[in-house]
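Peer 1: prediction below, plus the sequence it came from.
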Amino acid sequence: MSVHNPDIKRVTTHTIQELKNKGEKISALTAYDYSMARVVDAAGVELILVGDSASNVMAGHETTLPITLDQMIYHASSVVRGVKRALVVVDLPFGSYQGNSSEALRSAIRIMKESGAHAVKMEGGQEIRESIVRILSAGVPVMGHLGLTPQSIYKFGTYAVRAKEEAEAQKLIDDANMLQDIGCFGVVLEKIPAALTKTVSQNLTIPTIGIGAGPDADGQILVIHDMLGINNAFKPRFLRQYADLHTIMTEAIAHYVDDVKANDFPNEKEAY
Ligand SMILES: Nc1nc(=O)c2c([nH]1)NC[C@@H]1CN(c3ccc(C(=O)N[C@@H](CCC(=O)O)C(=O)O)cc3)CN21
Ligand SMILES: CC(C)C(=O)C(=O)O
Ligand SMILES: [Mg+2]
């Protein structure tokens, strides 16, 4: 296997726009730490998201709500140090941008200044328009996120598919057009019907990145721990698991324990 587009030295928001323009799908994955980011970047992924799913995957919380701006900056700065090529996008966490555009701008600027990331992502449409406009005005690229927006899970109550009804689908279409009009460089579509993803992706000139949104988004994203099978608890229908690292890691660790107990590790060559 070889890395796609080896001629691209550094992926920018313009690069992923060009990928959409020429009809090439965009690959995206999450990462939360330096070592994983190095692997994901070197394997050729174009966009790395430092997702607030770190709250679930890294910290063991049930939702994405508890993770703080400081914690997101810690994860993002670690990821940036591991990345040579990919575009690094960071989720603004819950409470750092909703309802106050000045605070939203401060939060985005802290992420850019303190982590070295290239862009931020924000959940929502019309409700957070002013915050997005302020951040874009400061020169910070913004990615939208519509459909299933986990930061508002307590408003909806479930992680079920979004925008199945006509009214909600129309609001999503309107929000997507608005995000493009104000200058977002892309939009994540999470857990919506495949047909709606197709409509939105054809309507927009900017790229859509889908998760549980069917094959017609301009790109796809998954949580790295889910797709590698490190996390063996989360198996939604939209997930394709490309490895079973949970089993591989468990067997390796059990083998180590056996070797220590058996006085097999370390041997003479492993000692001074
Ligand atoms: N590990 C992990 N992977 C993710 O993809 C992810 C996170 N964490 N945290 C933040 C959000 C939350 N996401 C979610 C959460 C639940 C479902 C989900 O489909 N859960 C149930 C169905 C629930 C329902 O229908 O009510 C499932 O079994 O598929 C999907 C995406 C996606 N994101
Ligand atoms: C699932 C992706 C899109 C995300 O927002 C996250 O990982 O936090
Ligand atoms: Mg997120």
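Peer 2: Nice, I can see it. Ligands and ions are numbered 1, 2, ... in the order given.

Peer 1: contacting residues around residue 210?
Peer 2: Under the criterion of CB atoms under 8 Å, 6 or more residues apart in numbering, the contact partners of residue 210 comprise 188-190, 197, 216-217, 219-221. C-beta here means a position set from N, CA and C on the backbone, and glycine is covered the same way.

Peer 1: who wins for most neighbours among those residues?
Peer 2: Counting by other CB atoms under 10 Å, residue 189 has the largest number of neighbours within the contacts of residue 210, with 29 neighbours.

Peer 1: nearest residue to it in space, please, no chain neighbours.
Peer 2: When the adjacent residues along the chain are set aside, residue 189 lies closest to residue 213, with 4.3 Å between them (CB to CB, 6 or more residues apart in numbering).

Peer 1: surely that neighbour and residue 195 touch.
Peer 2: No - distance between residue 213 and residue 195: 10.3 Å, which falls outside the contact criterion (CB atoms under 8 Å).

Peer 1: comparing those two, which residue is more hemmed in?
Peer 2: Per other CB under 10 Å, whichever of residue 213 and residue 195 has more neighbours is residue 213, with 30 against 11.

Peer 1: so who does the more buried one touch?
Peer 2: By CB under 8 Å, 6+ apart, the contact list for residue 213 reads 147, 189-192, 194, 196-197, 238.

Peer 1: which bits of the chain sit near ligand 2?
Peer 2: 30, 49, 51-53, 91, 188, 190, 211, 221, 223 (CB under 6 Å from any ligand atom).

Peer 1: repeat the analysis, applying 8 Å as the threshold.
Peer 2: By the criterion of CB under 8 Å from any ligand atom, the positions of the chain lying close to ligand 2 are 30, 49, 51-54, 64, 91, 121, 123, 145, 150, 188, 190, 209, 211, 221-223.
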